[in-house]
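> Mind folding the following:
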Amino acid sequence: MSTTRVAYILSRFPVLTETFIIAEVQELRKRGIDVEVFSLKKPKRGETYHKNTEELIKTTHYYPYLFSSFIWKGLFYYLLNKPLVCLNILNEIIRTHVKNPLQLLKTLAVIPKTFAIAKKLNESGLKRIHAHWATVPATAAWIAAKLNDIPYTFTAHAWDIFETDTMLEEKIRDAEKVVTISDYNKQYLLEKYRALKPDKITVVHCGVDLGKFAALPHERNELFTILSIGRLTEKKGFDVLLDACRILKDRNVRFQCRIVYVGGDYEDKIFRMYKTLDLRETVQFIPGLPQEGIIEEYSRADCFVLPSVIAGSNDRDGIPVVILEALAMELPVVTTYVSGIPEVIKDKETGLLVEPGSAEQLADSIERLRTDSELSRKLGKAGRDFVNREFEISSCVDRLLNTALN
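Below is the predicted model:
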């Protein structure tokens with residue numbers, strides 16, 4: 001029996017906040033699937049990485065430099081051997097991007113890299129492509145698949161479908177299958193692109209390794225500890241969390257809030273708020289941690305909070321993996337009615353839900369967990385059971401293999 005082989009095309013690999021992709025690649029390889037990872041950019045210099053990612057980096061094919069000789073060899077190879085295919089690709093890209101010149105330039109810049117990847121795939125005999133994110137990686141998969149006349153699939157997550165992508169409909173149309181991580185996302189795409197057939201899109205959740213994220217014996221902290229994790233962007237709602245912390249402080253509630261963060265376009269605003277609201281004694285910001293450090297933070301917290309909102313750009317969360325990880329650790333979760341989150345957090349069953357943007361409701365729910373330890377315990381256990389049923393990494397990869405990579 002021959003080994004299943006698949007090329008994964010990613011924008012940058014590995015990325016600290018994309019543990020779900022790392023876990024998926026590792027699980028597929030554990031199954032004996034030959035996953036060849038092609039990254040359009042190199043890892044960020046000086047970035048913190050999770051344990052065991054060095055091996056992933058060693059086996060990844062990197063295409064960071066536009067003017068490398070092997071990049072242009074790929075381009076000239078297809079221009080000489082498949083000129084009509086190349087012309088059709090260029091025509092389609094220009095046609096779909098004509099009203100968005102900035103995105104057109106970004107897409108044109110990735111073409112030479114993609115031609116080089118396609119040539120490598122052709123030489124290696126790789127006949128199947130999968131990309132993560134519906135933006136540039138899926139565009140690269142679309143191009144390489146056309147050059148080599150092979151199928152491609154891709155996984156769409158959140159911002160990559162909610163923010164503008166002028167070529168998304170064409171990429172979905174030409175893909176063999178499109179994977180997305182929530183029922184909400186699937187319905188969103190079907191409503192946006194009415195010509196799509198429902199069976200073109202399949203839902204495969206991002207999986208969690210329940211062996212790594214295991215519930216640990218934990219006594220309630222003397223000082224109630226709130227944990228939140230995420231990039232400092234508008235959609236994460238950290239400004240709402242800071243307002244809620246100020247409300248709790250004004251109520252003379254004793255607590256500490258620990259925010260593990262990665263920088264984003266809201267970083268300046270968040271730190272200005274932090275100073276203005278005078279939260280230095282109650283709120284701590286911890287720069288991005290590797291997975292082992294994140295697990296330690298979960299194990300020391302009393303609840304997990306992620307006050308997601310819909311950003312002005314229409315960006316929003318999908319199903320944040322940090323919520324799944326917190327549930328796996330039996331932490332009670334407070335979050336919001338945004339996107340696919342209610343598919344995981346059923347209010348008062350597997351966590352507490354509040355209206356997005358409401359600092360008052362957020363503060364009330366946090367205080368409720370602080371005063372009701374029995375509710376906290378019940379929600380944490382129910383959350384772990386739910387993740388075990390629906391989001392365990394092995395069963396999620398089973399579904400991916402059966403629906404998209406078969």
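
> quick one: the helices in the stretch 201-350 of the chain?
Under the criterion DSSP state H, counting those that start in this stretch, the stretch 201-350 of the chain carries helices at the ranges 238-250, 267-276, 291-300, 321-328.

> Residue 23 against residue 208, yeah?
Yes: here residue 23 lies in contact with residue 208, judged by C-beta atoms under 8 Å, at a distance of 7.5 Å. Using the backbone N, CA and C atoms, a C-beta is placed for each residue, glycine as well.

> Between the two, tell me which one has more neighbours.
Remark: of residue 23 and residue 208, residue 208 carries more neighbours, 25 against 21, as counted by other C-beta atoms under 10 Å.

> who's the more buried one bridged to?
Applying DSSP bridges to residue 208 yields these beta-bridge partners: residue 392.

> My guess is it contacts residue 392. True?
Yes: with the criterion set as C-beta under 8 Å, residue 208 and residue 392 qualify as a contacting pair; they are 6.8 Å apart.

> Which residues are in contact with each of residue 23 and residue 208?
Both residue 23 and residue 208 are in contact with residue 393, where contact means C-beta atoms under 8 Å, 6 or more residues apart in numbering.

> Got phi/psi on residue 37?
Per-residue torsions, residue 37: phi -100, psi 130 (degrees, to the nearest 10).

> Repeat that for the one 4 residues further on.
Dihedral angles phi and psi of residue 41 (degrees, to the nearest 10) take the values phi -130, psi 160.

> Just to check, it is in contact with residue 15?
No: using C-beta under 8 Å as the test, residue 41 is too far from residue 15 to be in contact (9.7 Å).

> which of the two has more neighbours?
Counted by other C-beta under 10 Å, residue 41 and residue 15 do not tie: residue 15 has more neighbours, with 19 against 16.

> so that one is in which element?
Per DSSP states H and E, residue 15 falls between elements, in no helix or strand.

> my guess is residue 261 contacts residue 288, does it?
Yes: counting by C-beta under 8 Å, residue 261 touches residue 288, with 6.8 Å between them.

> Of these two, which one has the most company?
residue 261 (20 against 17).

> Now the more buried one. Nearest residue, chain neighbours left out?
residue 232 (5.3 Å; C-beta to C-beta, 6 or more residues apart in numbering).

> gap between the one you found and residue 178?
Residue 232 sits at a distance of 30 Å from residue 178 (criterion: C-beta to C-beta, to the nearest Å).

> likewise residue 321?
20 Å.

> Please apply the same query to residue 295.
Applying C-beta to C-beta, the value for residue 295 to residue 178 is 32 Å.

> Looking at these two now, which is surrounded by more residues?
Between residue 295 and residue 178, counted using other C-beta under 10 Å, the more crowded position is residue 178 (24 against 18).

> Which secondary structure elements does the helix or strand containing the more buried one sit against?
Per DSSP H and E, residue 178 falls inside strand 177-180. Contact partners of strand 177-180 among helices and strands, from 3 or more C-beta pairs under 8 Å, 6 or more residues apart in numbering; DSSP states H and E: strand 152-156, helix 183-192, strand 201-203, helix 393-403.
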